[in-house]
Every structure is written in C-alpha cells, then in structure tokens.
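**Student:** Could you look at this predicted model? Sequence included:
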Amino acid sequence: MKNTIWNRNYTLVFLVNILNAFSFHILAPTIPKYVVFIGSGVETAGFAATAFTITAILTRPFAGYYVNIKRKKTILSAALAVISVSILGYAICHHIVLILLFRLLHGVGWGMVTTSSSTVAVASLPEEKIGSGIGLFGIASSLASVFAPNLGLQLIALSSYSTMFLISFALAALGCALSLLIEEKTLRRAEARPERGRIIDRFFAKEAAVPAFTILCVGLGMATISNFIVLYAEELRVENIGYYFTVAGAVMLVMRPLFGRLSDSKYKQGIVFVALFGYISVFAALGLAKTLPGFLLAAVLYGTFYGALCPIVQTWCVKAVDAAKSGTANSTYYTALDVGQGLGASLGGIISARFSYSNMYFFMILPQICAILLIVMSSISAKKRIN
C-alpha cells in the first residue's frame, strides 16, 4: 500500500461513503415529513427515527467486533445491500407499520455500514495520517448535507415521495457495487484475535468512554436538528429552509478536513472543549430564530462546530485503543452517536409536542454542558494519576 492517503482502497471507500451519505441525507429531513404526510403525528415521526436507531445500536457492537476478525469488505458490501433493500421498501410501501419495519431493517444496515466503512478507511491509511484521513472521510457527509436534504425536499415538491425514495435507493445500490472493488488483502491494520475475559470488552472500547459520551451528547442535539428543523420552519412560516442544510454542509466541508489534521495533535481534548462551547451557540441561535437569516446563522455555527467535533472525537476514540481494535473503537463511537440520535429524536418529539420547538432547542444545551463537565473531570483525574 502506498504511503499516501489517496491509495486505491481509500479512494474506493471514500466514494462509497459519499454515495451512502447522499442516500442517507436525502431521507433525513423527508422521512419525518413523509410520516406526517401519510397521516401520523410528530411524535410518530420522532419514533420513526428512533426505530432506525434501535437496530443500528443493537447491530453496531457486533459489526465492530466482527469487522476486526472477518473480511471487512464483505461486511461493508452486505451492509450496503441491506440499506438498498430497505430504501426500496420505502418506495413501494405506504403504511406506517411497514415504514417502521423497513426503518428497523435500515438501522441494521446503517449500524454495519458506518462501522465497516470507517474501519476500511482507517485500515487503508498510513499510521501517521489517520487523523487527516478521518477528517477527509467526513467530507462525504459534508457534501451530502450540502446538497442531499434540499434535493430530497425539491424532489418531493416537483415529483413525489416515491421518486425521491428511488433515487436514494439507486445511490445506495451504486455504492454497494463499488464496494466490491475494494482489495481486502491490501488493508493495513492487523486483525484482532478473539479476546479472553469479559465479553463486553469485545464489543465496547472502555478506553474510549469519555469521547464516546461526548459524541452521545453531540448526537442528542444533532437529532433534533435533522428531524425537526423542517417542521419548525413550517410552523414559523419560514420558506426555503432547505438552504439551512446547504449552508451548514458548505461550512462543514471546510471545517472537517481542517480539524481532521488538528486531531493528529496532542491537544484533542482542548479543541473538543472549545468546540462544545461553540456547539451550544447553535441551539441558542435556533431557539431564538424567527426568520431565514436566523436559521442560516445557526447553520454557519453548526457547520463550524459540529464539523470540528466529529473528526476529532472519532480520532480520539481510534487512537485510544490498539490497532487491532480499530473496528471496536469505531463501533463505540458510532454506537454512542446512534444512542444520542435515538434519544434526541424521541425526546425532541416529546418536548416539541408538549412545549415548543424553540424550547426543545434551548433544552439541548444541557447535554453539551454535561459533556464539558465530564471532559474537565477526566482531565483533572488524569493529571492526578500522573502526579
């Protein structure tokens, strides 16, 4: 394998990640809208997101463990196939029970694909460029968040939900086809031997507990944005809310690679600490937003600070463990993010239904404060152990 980021395997899995991210982000703002469209309430829309997350959470620890000891490429391709089938199910089924069942299946595929794709990416990178590579890998999500949500909303307006679902399916299926071209034998990272001792250690990287809790808190807030911001804007009669996703994604496109490089430094915790304070400003801005400029200000803040947090916290998780447990570290990161998103979607639905969308966003400041306090306490504890 060449000593460069852009080798064959990394380039392929990067393209796969872009296609999968576009497929996912087309659905992020439109699935809740579709659930309401077919006659269900906003709380059911929140549960649809939670249903997806439940199976992702249950699947991911097993995916993280087996991607260490089995063929990474095979797990990745199988995951993309499951996602493709799930999205096709959305296109042909119009009953809420069936939609929820396919959301559960989609969650299985998502739990597998995010863990396996990021592990293949790490396995394709030179050791000294892991942080930079993870930062670049996140560009896929940034690009998708620039164009895909607005694309999904436009497809609904100009055509139909079925057309939107079929385009999302085609992207996932193309990603599945490209994943078959990855060369398993050239992946750099060592494979793990089955571990002895506690079973939980096979599925959860306890060394990454602090960054995992941090990204869980970040995910709590992120879920309320991805699932409810369109409905919030409609309540306020704010038009063209799709531009929120475009602005946030464009800013994130710049920030992810920048902070990806910084994540290779020894100051990760300090950068995360500062970024969390910035992330709090996102929810304050959304809680106060009444017009499109207010939403776009929140989009700039979100793109900056969420774009900073993701690559740094993920690199923190990966570098907290031995090379052979990179799959478990990625699983721990994504499981924590999934738990946060699942809780955030349900909690957001409950708070917004009983109070208001504005109060829901103010409430999301509290988890970020908890993450800041944990980082401070863990840093103090680490210093005491050294002394």
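**Tutor:** Done, it's in.

**Student:** Which strands or helices does the host helix or strand of G294 pack on?
**Tutor:** Assigned by DSSP states H and E, G294 belongs to helix 292-319. With contacts taken as 3 or more CB pairs under 8 Å, 6 or more residues apart in numbering; DSSP states H and E, helix 292-319 sits against helix 130-137, helix 139-158, helix 209-236, helix 242-262, helix 268-288, helix 326-354. To be clear about C-beta, it is placed using only N, CA and C from the backbone, and glycine gets the same treatment.

**Student:** let's see 10 Å
**Tutor:** helix 96-123, helix 130-137, helix 139-158, helix 209-236, helix 242-262, helix 268-288, helix 326-354, helix 365-386 (3 or more CB pairs under 10 Å, 6 or more residues apart in numbering; DSSP states H and E).

**Student:** And these: which comes nearest T50?
**Tutor:** helix 326-354 (4.7 Å; CB to CB).

**Student:** A48 touches L98, doesn't it?
**Tutor:** No: A48 is beyond contact range of L98, at 11.7 Å (criterion: CB atoms under 10 Å).

**Student:** For those two, indicate the residue with more neighbours.
**Tutor:** A48 (23 against 13; other CB atoms under 10 Å).

**Student:** OK, contacts around F362?
**Tutor:** 283-284, 286-288, 351, 355-356 (CB atoms under 10 Å, 6 or more residues apart in numbering).

**Student:** what do you get for M377?
**Tutor:** V210.

**Student:** Could you name every residue contacting both of A48 and L98?
**Tutor:** Between them, A48 and L98 share no contacting residue, judged by CB under 10 Å, 6+ apart.

**Student:** that older thread, most neighbours among the contacts of F362, which one?
**Tutor:** Neighbour max across the contacts of F362 (other CB under 10 Å) = L286, 28 neighbours.

**Student:** that older thread, distance to I167 and mean pLDDT for the helices and strands packed on helix 292-319 - can I get that in a markdown table?
**Tutor:** Below are the helices and strands packed on helix 292-319 laid out as a markdown table (distance: least, CB to CB, whole Å; pLDDT from 0 to 100):
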| stretch | distance to I167 | mean pLDDT |
| --- | --- | --- |
| helix 96-123 | 16 | 89 |
| helix 130-137 | 24 | 78 |
| helix 139-158 | 7 | 82 |
| helix 209-236 | 18 | 90 |
| helix 242-262 | 16 | 79 |
| helix 268-288 | 29 | 89 |
| helix 326-354 | 23 | 83 |
| helix 365-386 | 34 | 83 |
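
**Student:** so can I have JSON lines of those helices showing distance to P32?
**Tutor:** Converted to JSON lines, the helices and strands packed on helix 292-319 look like this (distance: least, CB to CB, whole Å):
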{"stretch": "helix 96-123", "distance to P32": "11"}
{"stretch": "helix 130-137", "distance to P32": "27"}
{"stretch": "helix 139-158", "distance to P32": "11"}
{"stretch": "helix 209-236", "distance to P32": "5"}
{"stretch": "helix 242-262", "distance to P32": "14"}
{"stretch": "helix 268-288", "distance to P32": "16"}
{"stretch": "helix 326-354", "distance to P32": "9"}
{"stretch": "helix 365-386", "distance to P32": "21"}
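
**Student:** if we compare those helices, which one ends up closest to P61?
**Tutor:** Taking the helices and strands packed on helix 292-319 one by one with CB to CB, helix 326-354 is closest: 5.6 Å.

**Student:** mind checking how far that closest one is from the chain centre?
**Tutor:** What separates the centre of helix 326-354 from the centre of its chain is 9 Å, taken as CA atoms, centre = their mean, to the nearest Å.

**Student:** follow-up on the earlier one: model confidence over the helix holding G294, on average?
**Tutor:** For helix 292-319, the mean pLDDT works out to 89.

**Student:** Counting neighbours, which bits of it end up buried?
**Tutor:** Neighbour counts over helix 292-319 (16 or more other CB atoms under 10 Å) mark 292, 294-319 as buried.

**Student:** now do stretch 94-102
**Tutor:** So, applying 16+ other CB under 10 Å, buried residues of stretch 94-102: 96, 99-100, 102.

**Student:** Out of these, which is nearest to Y66?
**Tutor:** Distances from Y66 to the buried residues of stretch 94-102, taken by CB to CB, are shortest for F102, at 23.9 Å.

**Student:** give me every residue that touches that closest one.
**Tutor:** The contact partners of F102, taken as CB under 10 Å, 6+ apart, are 51-52, 85-93.

**Student:** Also V67?
**Tutor:** Per CB under 10 Å, 6+ apart, neighbours of V67: 73-76, 79, 112, 115-120, 123, 191-192, 326-328, 330-331.

**Student:** just G46 next, same as before
**Tutor:** G46 neighbours (CB under 10 Å, 6+ apart): 32, 35, 223-224, 227-228, 342, 344-353.
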